[in-house]
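Q: below are the sequence and a predicted model for it; my questions follow.
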Amino acid sequence: MTRQRLKIYNGQLITPYKTIQQGTLLIEDGKIIALHEGNLDFPDADEIDAKGNYISPGFIDLHIHGGGGHDFMDNTVEAFLGIAETHARYGTTAMCPTTLTSEKEDLLKTLSIYEQANKLNVKGAQFIGMHLEGPYFALSQRGAQDPRYIRDPDPVEYKEILASTDVIKRWSAAPELKGAIEFGKYLKSKGVLAAIAHTDAIYEEVLEAFENGYTLATHFYSSMSGVSRRDCFRFAGVIESGYLIDEMDVEIIADGVHLPSPLLKLIYKIKGASRTALITDAMRGAGMPEGDSILGSLKNGLKVIIEDGVAKLPDRSSFAGSVATTDRLVRNMINMAGVSLEEAVRMISKTPARIMGIDDKKGTLTIGKDADVLIFDQEINIQHTIVDGKVVYSKI
């Protein structure tokens, strides 16, 4: 059997420990087998000259709804594959397809389509498990989530959903709701990551939730409580809790709109690259022109407007998801938050891989790991995207 070999040379290799100048990366049968300074011989290999550009681990997007005119809740294989291929062009090599608050039947359909699409996904970013966002949220912090479907955790419902498939890897909910702690415990027992989202919780509720499985704050700052006042007393909210609980991971929409430069700097200063994951939270408008669009499924989604580099509700009262791509997140952390390239890359590769428990296979350019690799220039313009050792996008 012929081995599939790929050699990438003459590039700046971003490793977990240092950046190797004029480095060479060798890939065989989808795995990284060598990293070295200088040019190495690799007989019978396809070759890519990086031309002095950066060679980086692929970008991992933990929270994404759509792109290229598609949404995962369109519930078609075409939508899943279209989103994967669209975002691969911008550096995403792995992603968690994400749902919106919906009827149970629509959610079960999305999970079924995931399983079908996953088997056919060979030209885009890999799927690494579903992320269910909702429907167990606080109405007061619903943001663009459809209020018709928001409800408290229902054990009969969520146990049925989890029993129907093994593709759910994370689930976001408001931990102060009735039954939410029991829900978190159940998720943890099933190996599913519980995350805090769309919530008005105070510190004491967040701490209890963290102790029972809620170890990630979904789109930090967006649709969550800060300091509040009840009668004459002040209470710390989810934002302050995320800072106070050192082991709490946070994910941020670094599109430059959801979070301005000072907040990006603050998050990085307190949480650091090891506890902060960059996410797009992209909806179907990512990679598309500005104008009218739909958040969620074509059947019963919400009408939105894409302008100023973000999706908004028609009355402009709230953002409705971003239209970012992962290259834009890295660029913004460097230009708006003053983060080094190496640290920005860590926030979109190594850190999300650890959060999702796949850091034994992905997240760094390390011998033995999956060959998910990018080549990009000084401005983070993607030149090549390689998934499992196969080139799925080439600009040239």
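A: Looks like it arrived, so ask away. This one's a predicted model, so the numbers in the text were calculated from it and none came from an experiment.
Q: what strand or helix carries the residue nearest to Cys96 when sequence neighbours are not counted?
A: Of all residues not flanking Cys96 in the chain, His131 sits nearest, at 4.2 Å (Cβ to Cβ, 6 or more residues apart in numbering). Any C-beta I mention is one placed from the backbone N, CA and C, and that applies to glycine too. Element membership for His131, per DSSP states H and E: strand 130-133.
Q: and that strand, what other elements does it pack with?
A: On a contact count with 3 or more Cβ pairs under 8 Å, 6 or more residues apart in numbering; DSSP states H and E, strand 130-133 meets strand 59-64, strand 92-97, helix 104-120, strand 168-173.
Q: of all those, which one is nearest Met336?
A: Nearest to Met336, of all the helices and strands packed on strand 130-133, is strand 59-64, at 17.5 Å by Cβ to Cβ.
Q: state the mean pLDDT of that closest one.
A: Across strand 59-64, pLDDT averages out at 98.
Q: and after that strand, which helix or strand comes next?
A: Next along from strand 59-64, by DSSP H and E: strand 66-67.
Q: next helix or strand past that following strand?
A: Scanning onward from strand 66-67 (DSSP H and E), the first element met is strand 70-71.
Q: chain center to that next one: distance?
A: Centre-to-centre, strand 70-71 and its host chain are 16 Å apart (Cα atoms, centre = their mean, to the nearest Å).
Q: tell me the helices and strands packed up against it.
A: The contact analysis (3+ Cβ pairs under 8 Å, 6+ apart) places strand 70-71 against helix 77-88.
Q: next one: the helix it packs on to chain centre, how far?
A: On Cα atoms, centre = their mean, the centre of helix 77-88 falls 15 Å from the chain's centre.
Q: pull out the buried positions in that helix.
A: For helix 77-88, a neighbour-count test (16 or more other Cβ atoms under 10 Å) marks Val77, Ala79, Phe80, Leu81, Gly82, Ile83, Ala84, Glu85, Thr86, His87, Ala88 as buried.
Q: beta partners for the closest residue in space to Tyr136 that isn't next to it in sequence?
A: Once flanking residues are discounted, Tyr136 sits nearest to Ala173: 4.0 Å by Cβ to Cβ, 6+ apart. Counting by DSSP bridges, Ala173 forms beta bridges with Ile196.
Q: tell me which residues are up against the host helix or strand of Glu204.
A: Taking DSSP H and E as the criterion, Glu204 maps to helix 203-211. Applying Cβ atoms under 8 Å, 6 or more residues apart in numbering, the contact partners of helix 203-211 are 175-176, 180-181, 184, 194, 196, 201, 214, 235-238, 240-242, 244-245, 247-248.
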